[in-house]
Structure formats: structure tokens, C-alpha cells
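Undergrad: Next come a sequence and a model predicted from it.
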Amino acid sequence: MSTAATDEVIDLCRDLIRIDTTNTGDHATSAGERAAAEYVAASLSEAGLDPQVVESRPGRANVITRIPGRDSSRGALLVHGHLDVVPFDAAEWSVHPLSGEIKGDGASGDCIWGRGAVDMKDFDAMSLAVVRDWQRTGYVPPRDIVLCYTADEEAGSEYGATFLVEKHPELLEGCTEAVGEVGGFSYTVSNDLRLYLVQTAEKGIDWLRVHASGRPGHGSFVHDDNAVTALCEAVARVGRHRFPVVVTPTVRAFLAEVADALQIELDPDDPEAAIAKLGPIATIIGATIRNTANPTRLAAGYKDNVIPSRASATIDCRTLPGQFELFREQLLEVLGPDLEIQSIHRQNALETTFDGALVDAMALALKAEDPGARAVPYMLSGGTDAKSFARLGIRCFGFAPLRLPAELNFSALFHGIDERVPVEGLQFGVRVLDRFLRQS
């Protein structure tokens, strides 16, 4: 790979961060996805490719292009990233979230700061830098590569990946495997050993709206049939409840790798003891050994002195592979009777095995750039566009490689304040991605 690509990825990442692609989940207040899509399309066109910009509705745009490989009879590899980001409050940040500023953070060296730095404009920039370098040098990959940059991942993918899968599956024709977020990042065990977590599974999403009904009345009366009270009691029970531990094959494999790397005993009946030794990434891993349900929104009433007849809450439920039906039974038992349950968004969990030529290519590419690298499988507690692409039978992995400083709390950067990506880590990622795609 040329040094031009490792230099260019910095500018590409900063440019993308500076385009406000905030996705609030409301069309009226979301912004910039079309502008970012046009920037990406121009970058690809300038390199000699023929990208398509596909709008799902005005302002909500996706970009897709295909790079022919030496053997187009092989299944194509989908490389995907989303262009939207979650909202931010600039007053909470050390720098403006749309600045793309480069500065040190005291532990990680120079970083690029801004909303989307790790979720996931860094990987968007990596893939652009790699293919632009290929076009400059005339390199042809071993098989077709389909590049896809989507809208709306942060609000459920309806106007991004799901739209493409349902309305334009021909653009993804022949894709058998895919890589995207969130995986390939390092966890430092020692100076000469880093585990790189490759996502082979992710939990399912089930966003529920729960409604309680009661008798309306004057706020000054003694009132035993209060919808707000009933809802709050149910929501409090859910928020405090811990669902049973369930160790899936992916998590079992990850914990075995961790136990070996840390030289600790792993009690299969008490995985939390091993997870507790992982430091900051325990937040992500700890959420993958059980189903979860977290209340996130409340709504009730229309006047301070009126007891309303209805109160509602949103609960963000994340389910392990194969656990949806059992989880729903357990949740209803915790919520209790007399509540109306409405499913507002659901996507199934995913899980694949950690084997095959593509996984081997990931491990080799990481090892070539970091002799202390060991690739291991893990489950993501959140969700990605992979849930949509998997509907086409595509085998999906999270592999957006980054070598991270041991001191950096990587998981806290996702949707957090002062989101940033180390410059050296970003350049490492470009080199690894280039090697991986050449070997895939």
C-alpha cells in the first residue's frame, strides 16, 4: 500500500466528520446524509469508479458501487459502512463535534475528534482510501468488491440497508460475505499480545412501547387507578431485573480465548468473573451473556393537575440468538398483567461461526501489521446494518480494524462525548484492510 493512502485516510475521515449527518430518527430534524453520500460518490468517481446514489426518500441517500475482481465467478464481498451519526450536545464536548480536529488526548497520541470518528466514519474513510489507492495503481482484487455506504443505521436501517435489501437487491447480487462494524479492534493483554475482537454475532433488537390505562381524574383527588403509577411500577421492575445468564457458542469461544490469554480459570457457570477482569470492554461483553431490557422513554399527561387515562414507556430489548420467544415470555412476567405491549421495531439476532477463508484472511492481515495480534470471535451487544444484509443470505462479520492504545476506553466512545479515533490506529486500519481485501 502506498503512503498516499495512509495519508489520505486522515483527510477523508476529517471531511466526513465535518458533514453533519445527525440522525434523530425524525426526518424533519435529521440532516446531511445526502451531502455525505455525494461526497463519497465524488470520491469514488474521481478514482474512476461508477457509484450510484440511491435515495430512499428526499435527503436520505445511500451510495453503492462494484469493483470487478479477477474472478467474478466467486461470490462478491460486501464492504459496508453507514454515513449517519447519533445526535450530540456540543456544550458537553472538549471540541466541536463537527470539527474533525486533530489533537492529543494525553494517552493515545494524536486523535481525530468528532461525532462519527469511531461510529463509523473512520471505516468509511478506510475503505475509500484503500479503493482509491487501488485505482491509482491499477490493482484488481481477487473477487468482486461491492462498496456500500448507507443512511439511517442509527435509527434502525429502514431508509438505508433495509431499503436496499427490499427495493434494490440487484445492487447486492452475488454477495456471499460482508464486513462492516463493529469488530477488528484491539484489546491489549500484554506488550506482546493483543486480542482483536472480530464480530461473528450480534444481539437482536426489539423496541417495545408499553401502555398502561387507568381512570382519568382531578390531580387533587385520592386516586387508586392511576395509569402513570401502574406504568412506573412496571417500568421500575423491568429496569431492575436481571435476566438469566445464557452463554452462546460465540461468547463461549471468546471467553475461552480470554481465559487462555489472561491465564485464568474459567468457570462456565460464572462467566461474569472472567468478564470482570476485562476492564472497559466488560461493558460490551457483559451485555452478551444475557438478554436485556432497558426503559428509555416515558410519556404521559397533558396538564399538571389532570390524571391521564394513558401512560406509555419505550423499552429497548436486546435478545441473544435463539432467545426471542423465551425472552418475551420472561419480560411479560416481569411487566405484569393489564399492560398493552406494542412492538415498534424488531430485527433478529445474528450468529455465524469463526472459520473459513475470510476469517483466515482477517487473522493473517492483522498478524502482518501487528505480530502480537490474535483474532478472536465476539458478540456485539448492539446492532448493525448486518441484520438487513443477512436477509439476503450474506454471511456477515464485524471487521473495521483498529490498533488501540491500552489506556483508551474504546467502548465509551460509541455514542459518547469526545468521540475520537487515534491517527496511528486509523492508519493501521487502512493497512490491515488493504491486506485483508487482497487476500479475501
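TA: Right, received. Where do you want to start? Residues are numbered from 1 along each chain as shown.

Undergrad: how far away is Leu351 from Asp84?
TA: For the record, residue 351 is Glu, not Leu. 26 Å (C-beta to C-beta, to the nearest Å). Quick note: C-beta positions are derived from backbone N, CA and C, even for glycine.

Undergrad: Please say which of the two ends up with more neighbours.
TA: Asp84 (27 against 17; other C-beta atoms under 10 Å).

Undergrad: Would you check that the more buried one makes contact with Gly25?
TA: No: using C-beta atoms under 8 Å, Asp84 is not in contact with Gly25, being 10.1 Å away.

Undergrad: quick one: contacts for Ser381?
TA: Taking C-beta atoms under 8 Å, 6 or more residues apart in numbering, we find Ser381 in contact with 202-203, 284-285, 287-288, 292, 318.

Undergrad: I misspoke; the intended subject was Gly156.
TA: By C-beta under 8 Å, 6+ apart, the contact set of Gly156 is 25, 162, 205, 207, 345, 347.

Undergrad: Need the pLDDT of the last one.
TA: You'll see Gln347 listed with a pLDDT of 92.

Undergrad: tell me the pLDDT at the nearest residue to Glu181 once chain neighbours are set aside?
TA: Take Glu181 and drop its neighbours on the chain: the residue closest to it by C-beta to C-beta, 6 or more residues apart in numbering is Met120, 4.8 Å away. According to the prediction, Met120 has pLDDT 96.

Undergrad: residues touching Met120, list them.
TA: Met120 sits in contact with 81-82, 180-182, 400, where contact means C-beta under 8 Å, 6+ apart.

Undergrad: ranking these by neighbours, who comes first?
TA: Going by other C-beta under 10 Å, His82 tops these with 30 neighbours.

Undergrad: Would you confirm that that one contacts Tyr159?
TA: No: judged on C-beta under 8 Å, His82 makes no contact with Tyr159 at a distance of 10.9 Å.

Undergrad: between these two, what contacts are shared?
TA: Looking at what touches both His82 and Tyr159 (by C-beta under 8 Å, 6+ apart), the common residues are 151-152.

Undergrad: can you tell me the distance between the two ends of stretch 313-332?
TA: Terminal residues of stretch 313-332 are spaced 14 Å apart (C-alpha to C-alpha, to the nearest Å).

Undergrad: what helix or strand is Val228 on?
TA: Per DSSP states H and E: Val228 is located in helix 227-240.

Undergrad: So which bits of that helix are buried?
TA: 227-228, 230-232, 234-235, 238 (16 or more other C-beta atoms under 10 Å).

Undergrad: Show me what it packs onto, helices and strands only.
TA: Judged by 3 or more C-beta pairs under 8 Å, 6 or more residues apart in numbering; DSSP states H and E, the packing partners of helix 227-240 are strand 204-213, strand 292-300, strand 310-319, helix 324-335, strand 339-347.

Undergrad: about what we covered before: next, show the common contact partners of Asp84 and Gly25.
TA: 154-155.

Undergrad: want to throw the helices and strands packed on helix 227-240 into a markdown table with mean neighbour count?
TA: As requested, these are exported to a markdown table (neighbours: other C-beta atoms under 10 Å):
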| stretch | mean neighbour count |
| --- | --- |
| strand 204-213 | 20 |
| strand 292-300 | 15 |
| strand 310-319 | 21 |
| helix 324-335 | 16 |
| strand 339-347 | 14 |
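
Undergrad: Now render the ones you listed as JSON lines, adding distance to Ile275.
TA: Written out in JSON lines, the entries for the helices and strands packed on helix 227-240 read as follows (distance: least, C-beta to C-beta, whole Å):
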{"stretch": "strand 204-213", "distance to Ile275": "21"}
{"stretch": "strand 292-300", "distance to Ile275": "14"}
{"stretch": "strand 310-319", "distance to Ile275": "16"}
{"stretch": "helix 324-335", "distance to Ile275": "20"}
{"stretch": "strand 339-347", "distance to Ile275": "25"}
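
Undergrad: Compare those and report which one is nearest to Ile417.
TA: When those are compared by C-beta to C-beta, strand 292-300 sits nearest Ile417, at 18.5 Å.

Undergrad: How about residues contacting the next helix or strand after that closest one?
TA: Moving toward the C-terminus from strand 292-300, the next helix or strand (DSSP H and E) is strand 306-307. For strand 306-307, contacts defined as C-beta under 8 Å, 6+ apart pick out 214-219, 221, 223, 226-228, 301.

Undergrad: just curious, which of these is nearest to Ile264?
TA: Val228 (47.5 Å).

Undergrad: pretty sure the closest one contacts Ala300?
TA: Yes: counting by C-beta under 8 Å, Val228 does reach Ala300; the two are 5.0 Å apart.

Undergrad: shared neighbours, the two?
TA: Common neighbours of Val228 and Ala300 (C-beta under 8 Å, 6+ apart) are 308, 311.

Undergrad: Show me how far stretch 5-23 is from its chain's centre.
TA: Taking C-alpha atoms, centre = their mean, to the nearest Å, one finds stretch 5-23 lying 18 Å from the centre of the chain it belongs to.

Undergrad: I am finished for the moment; much appreciated.
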